[in-house]
Structures are given as structure tokens and as C-alpha cells.
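> Would you be able to build a 3D model of this:
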Amino acid sequence: MENAAHGLTFRDASDADVEDLVALIESAYRGDASRAGWTTEADILEGQRTDPEGVLAVIKAPDSRLLTVERDGRLVACCQLEHRGEHAYFGMFAVSPTQQGGGLGKVIIAEAERQVREDWGVSEMHMTVISVREDLIAWYERRGYRRTGKTTPFPYGDERFGIPQRDDLRFELLVKPLV
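So this is what the prediction gives:
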């Protein structure tokens, strides 16, 4: 789907996109390259953010889509959308560090919300954010998400999610009504 106002193309990821998607996600969250954008987790987590198996699992899972966003034929962002009954789950959101800060994230999240509302008829979008990411949570709050206070433990010891640099990490559930 085309979003002409921003020169963006939205489409579901395929197996052929896995390598590029892993590189995009890693660049947005890990290492020095991620510091070019504001979504970096480099100070709280080292190691990987995802891997080819994790990305492929999202692409292949039933009731799940990995939405890719291209500008001028180049991958600039992605997000996972998963149908979970009355709500959709929004995850694996990554915007290329060099594309951050220009409003692209707002456009993508609005399109993701529109798609799940129209395609799946859900009334809420849910997501989990690392609770110490106050700047990121504030950004989502400005988009209409609210903190629920419900948290789940960070998977310490599972290096597929990274190597924590602090011992107080947990995920907080954020929710937005889509009606």
C-alpha cells in the first residue's frame, strides 16, 4: 500500500526480506550505529536484538504480519502486527536511525493502527516497552497509548533478547483504544 504523502510503501515482509530486516532492527537498537537515532538501547542492552530465526518466525506465524516500510525502494522501517482476539499486538518496531526524528514513526504507527482496525476489527492495540525507556514511553503516550502498570519480567539469561547492562529491566504493557 502506497502512502504518497510521505513517499512510503507498506507491504508484508517475505522470506527474502529477513536479512535486511535483521540488519534494520539491529541498527535501530544496538551498537554505535543505533546512537544516530533516539531509539537506541545500547546503554541498557548489548548483544543482539533479534536474529534471522526470530524474524522468520514472525513472518511465518499465523495471525501475524511483519509490515515493512520502504521509501524509494529502500527498507526504512518495520513493525510486527499480531492478531490476538479483541486486540492486536504491536512489536518489533524499528525505524532506520538516519530516518528518525522526522515524523516517520508517527506515520507508520498510524498506518499500523488503521490496518489492524480495518483488517481484523480489533478495538485495542497493545505493546510492551522496557519500563526504563521513559522517553520512548512518553512518545507512545503522545500517540494515545496509556501505561497500564502491568509488567512482565525481562528474559534475563536469554541472550536472544540481548545482554542486559542493568538489573531492573522489565516490560510494561501500553494500551490504546482504536475505536
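> Please, where are all the strands along the protein?
Ranges of strands in the chain, per DSSP state E, are 2-3, 8-12, 45-46, 64-71, 74-84, 87-95, 124-130, 146-153, 163-164, 170-177.
> name the helices or strands packed onto the longest one?
Other helices and strands packing on strand 74-84, by 3 or more Cβ pairs under 8 Å, 6 or more residues apart in numbering; DSSP states H and E, are helix 18-29, strand 64-71, strand 87-95, helix 104-120. Bear in mind the C-beta positions are built from the backbone N, C-alpha and C, glycine included.
> Check those for me: which has the lowest mean pLDDT.
Least confident of the helices and strands packed on strand 74-84, judged by mean pLDDT, is helix 18-29 with a mean of 82.
> Could you pull out the buried residues of that one?
18, 21-22, 24-29 (16 or more other Cβ atoms under 10 Å).
> same check, this time on stretch 140-154
By neighbour count on 16+ other Cβ under 10 Å, the buried set for stretch 140-154 is 140, 145, 154.
> Contact partners for the second one?
Listed by Cβ atoms under 8 Å, 6 or more residues apart in numbering, the contact set of Y145 reads 125, 127, 174-176.
> Next, give phi and psi for L169.
phi -80, psi 140 (degrees, to the nearest 10).
> pLDDT wise, what is the closest residue to it other than its chain neighbours at?
With sequence-adjacent residues excluded and distances taken as Cβ to Cβ, 6 or more residues apart in numbering, L169 is closest to F154, at 3.9 Å. Here, the pLDDT recorded for F154 equals 78.
> Report the helix or strand with the lowest average pLDDT across the chain.
Least confident helix or strand of the chain, by mean pLDDT, DSSP states H and E, is strand 45-46 with a mean of 48.
> Count the residues that sit near I108.
Counted with other Cβ atoms under 10 Å, residues neighbouring I108 total 23.
> and if you look at V116?
V116, neighbours per other Cβ under 10 Å, totals 24.
> do the one 5 residues further on as well
Residue neighbour count, defined by other Cβ under 10 Å, stands at 11 for G121.
> For it, grab phi and psi.
phi 70, psi 30.
> Return the subset of the buried residues of stretch 140-154 lying in helices.
Y140 (DSSP state H).
> mind putting the buried residues of stretch 140-154 in TSV, distance to Q80 included?
Shown next, in TSV, are the buried residues of stretch 140-154 (distance: Cβ to Cβ, whole Å):
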residue	distance to Q80
Y140	15
Y145	16
F154	18
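> Show me which of the buried residues of stretch 140-154 is closest to H87.
Y145 (12.4 Å; Cβ to Cβ).
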